[in-house]
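1. Structure of the sequence below:
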Amino acid sequence: MAASACRRTSSRPRLETRIVDAAVDVGHRLREAARPAPGTPREQVGVCVVGAGVAGLSAVWRLAGAGVHDVAVLELDAREGGTSQSGQSPNGAHPWGAHYLPAPLEHRGPVVRLLEELGAVTGADGAGRPRFSEQMVLRAPDERLFYRGHWYEGLFLHAGASAGDEAQFARFLADIRTLARARDARGRRAFAVPVEESSDDAEWTGWDRQSMADWMDARGYTSPRLRWWVEYGCRDDFGCTLETTSAWVALWYFASRQDGEGERHQGYLTWPEGNGRLVAQLARALRPGQLRRKVLVHSVREVEGGCEIDAWDAAASRPIGLFARHVIYAGPRFTAPHVLEAWRKARPSFIDAFTQAPWVVANLSVRWPPAGRGFPLAWDNVLYDSKSLGYVVAGHQLERQWDGGPQVLTWYYPFTGADPKAERTRMLSATAEDWETLVMEDLLRPHPELPQLAQRLEVMRWGHAMVRPVPGFVWGPSRAQAVRPLGRVHFAHADLGGINVFGEAQYHGVRAAEAILREQGSQAVSWL
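-> Numbering: from 1, shown residues only. Here you go, the predicted structure:
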């Protein structure tokens, strides 16, 4: 989407629109921020966590669970949560990124522990699998698809499908059920959450070296409808196409979320503010003064007994310095060579394997829910012939959705081009007016009455929204090397799993925290 491609094509009135992100500008402007003056006393802290996204907050949560509170958390943004941030408008809460969590299939691990704290787990079934609060389990109708003037139930387009389309769809689902049931000789699932718990047998991991397009070609999956449906999942979770997504990762998307019986145990968990609800629960582990927002960390160097951290406090417009016995670097991997002094001097080659897809999330406030022909308004509303991912109704879980009152529609747009840097340039070159035009023109097709409903539009740009699981990355050597600590610096981020989902970020945050606990001699039982 170039700015020139967003010129207004109708005479409708302008909608109040603003771009609300600031971290892009702050991060770029302060990259050369000054160090504290020589001799300036440094604040002493046990653990410094760089980044308050899901991984960084999960590390703090785990340390707090072991009674470790000598922690400082430094976050560039004005809000914690990273791409799981949420917002609030007069029409209600809404997500600024991730908006759901696949319900865990097993009653173990840090995700279930967090959900128990949240009050989301209500018990277990006869097989010991967790059950979840009805208020948090995605309610029906959950998905619909707009095609040629009508809305249809679900995201696979059955209307008008040929016998061949339906046969390939059924065969693909059977393949996924087989992969979901697959176990290796050690009992590990072929595709699991987190990735680290998946089998590393070449029988399955070999698919990481080819694209999903090639995998489907080799198996005769030629149906345009099936390929659109699979690619939608790749665009939705990875910001990639069939050609740029690892086949292993695309299959993981489907197989890791079910038990092999064809359906998920309890579907998906969601909230009006999306995964911001989970961020808020993690943040309850923070003590007053631990989290410092609008702080750019620009230097971490190892010294005797720990690490010196230099940062710029944007709120106070001054440099600050800390000394920490341990550091958890929970920022995206692409930032590390700019911050870690050792990597400035000798940039590790594996860093270049990490590439990030840009995204835009726009929240559109409307006076009442839009109408449409065919299947009724759902949680996820997708347009077949669109580069966007459609929109989620933020208040779907609330009773007021059904009384025709004000709502927030959360619209998603991934930049899936092969060159992420060029895609970021295109994203950042677009103005607020460009985004208003693109969002409204996209949604006017299914909702021609939208100009009468729309009240305001807010746009969040994520220049490095998620790691791209390109062929050869997830099971290649670079990702494995990036997990290893650098002296007293441990790493935690969803990037390390190769897949930017909540479970990966939390796993690596807890893993890094437990590594520090072990170094401190703790005998705490692992939460992993």
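2. Nearest residue to V279 in space, please, no chain neighbours.
-> Spatially, and ignoring its direct neighbours in sequence, V279 is nearest to G81 (3.9 Å; C-beta to C-beta, 6 or more residues apart in numbering). Just so you know, the C-beta spots here come from the backbone N, C-alpha and C atoms, and that holds for glycine as well.
3. What residues does that neighbour make contact with?
-> A52, G53, V54, L57, N275, G276, V279 (C-beta atoms under 8 Å, 6 or more residues apart in numbering).
4. between those, which is closest to H94?
-> G276 (8.6 Å; C-beta to C-beta).
5. The closest one touches P95, doesn't it?
-> Yes - G276 is within contact range of P95, at 6.1 Å (criterion: C-beta atoms under 8 Å).
6. who touches both of these two?
-> S84, Q85, S86, G87.
7. For L282, which non-adjacent residue is spatially closest?
-> Closest to L282 by C-beta to C-beta, 6+ apart is L57, at 4.0 Å.
8. What count of nearby residues applies to the one you found?
-> Around L57 there are 32 other residues, counting by other C-beta atoms under 10 Å.
9. Need the three-state assignment for it.
-> Secondary structure state of L57, per DSSP: H, G, I helix; E, B strand; the rest coil, is helix.
10. again with W207
-> helix.
11. And it, what's its pLDDT?
-> Per-residue confidence at W207 stands at 98 (pLDDT).
12. G262 too?
-> For G262, the model assigns a pLDDT of 65.
13. list the helices and strands the host helix or strand of W248 packs on?
-> Secondary-structure element containing W248, defined by DSSP states H and E: helix 247-255. The helices and strands touching helix 247-255, judged by 3 or more C-beta pairs under 8 Å, 6 or more residues apart in numbering; DSSP states H and E, are helix 163-181, helix 212-218, helix 224-238.
14. I'd say R292 and V71 touch.
-> No - counting by C-beta under 8 Å, R292 does not reach V71; the two are 11.4 Å apart.
15. And those two? Which one has more around it.
-> Neighbour comparison, R292 and V71: the larger count goes to V71, with 23 against 17 (by other C-beta under 10 Å).
16. quick one, what contacts the nearest residue to the more buried one once chain neighbours are set aside?
-> Excluding the flanking residues, the one nearest V71 by C-beta to C-beta, 6+ apart is V47, at 4.8 Å. By C-beta under 8 Å, 6+ apart, V47 lies in contact with L63, V68, D70, V71, A72, A324, R325, H326, V327, I328, I516.
17. Same question for E302.
-> Contacts of E302 (C-beta under 8 Å, 6+ apart): E341, A342, L486, G487, R488, V489.
18. Is it possible to get a markdown table of these that adds secondary structure and pLDDT?
-> Below are those laid out as a markdown table (DSSP: H, G, I helix; E, B strand; the rest coil; pLDDT from 0 to 100):
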| residue | secondary structure | pLDDT |
| --- | --- | --- |
| E341 | helix | 96 |
| A342 | helix | 96 |
| L486 | strand | 97 |
| G487 | coil | 96 |
| R488 | coil | 97 |
| V489 | strand | 98 |
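19. Pull the most distant pair out of those residues.
-> By the measure C-beta to C-beta, E341 and R488 form the most distant pair in those, at 12.6 Å.
20. Of the two, give the one with the bigger neighbour count.
-> R488 (18 against 14).
21. mind listing what that one touches?
-> Contacts of R488 by C-beta under 8 Å, 6+ apart are E302, G306, C307, R325, H326, V327.
22. Report all helices and strands that the top strand by length along the chain contacts.
-> Scanning the chain for the longest strand, with DSSP state E as the assignment, gives strand 454-467. Contact here means 3+ C-beta pairs under 8 Å, 6+ apart; on that basis strand 454-467 packs against strand 17-19, strand 86-89, strand 356-366, helix 420-429, helix 432-444.
23. Out of the ones you listed, which one sits most buried?
-> Mean neighbour count (mean count of other C-beta atoms under 10 Å) peaks for strand 356-366 among those, with a mean of 25.
24. C-terminal to that strand, what's the next element?
-> strand 380-383.
25. Quickly list the domain ranges of the protein.
-> 3-23+356-467, 43-84+275-349+471-519, 164-269 (automatic domain parsing).
26. which of those is buried the deepest?
-> Among the domains of the chain, domain 43-84+275-349+471-519 has the highest mean neighbour count (mean count of other C-beta under 10 Å), at a mean of 21.
27. End to end on that one, go ahead and measure it.
-> Domain 43-84+275-349+471-519 has an end-to-end distance of 22 Å (C-alpha to C-alpha, to the nearest Å).
28. Same check on stretch 340-349?
-> OK, stretch 340-349 end separation, C-alpha to C-alpha: 15 Å.
29. Give me the neighbour count for the nearest residue to G274 once chain neighbours are set aside.
-> Nearest non-adjacent residue to G274, counting by C-beta to C-beta, 6+ apart: P95, 2.7 Å away. By the criterion of other C-beta under 10 Å, P95 has 29 neighbours.
30. and what of the one 5 residues further on?
-> Y100: 20 surrounding residues under other C-beta under 10 Å.
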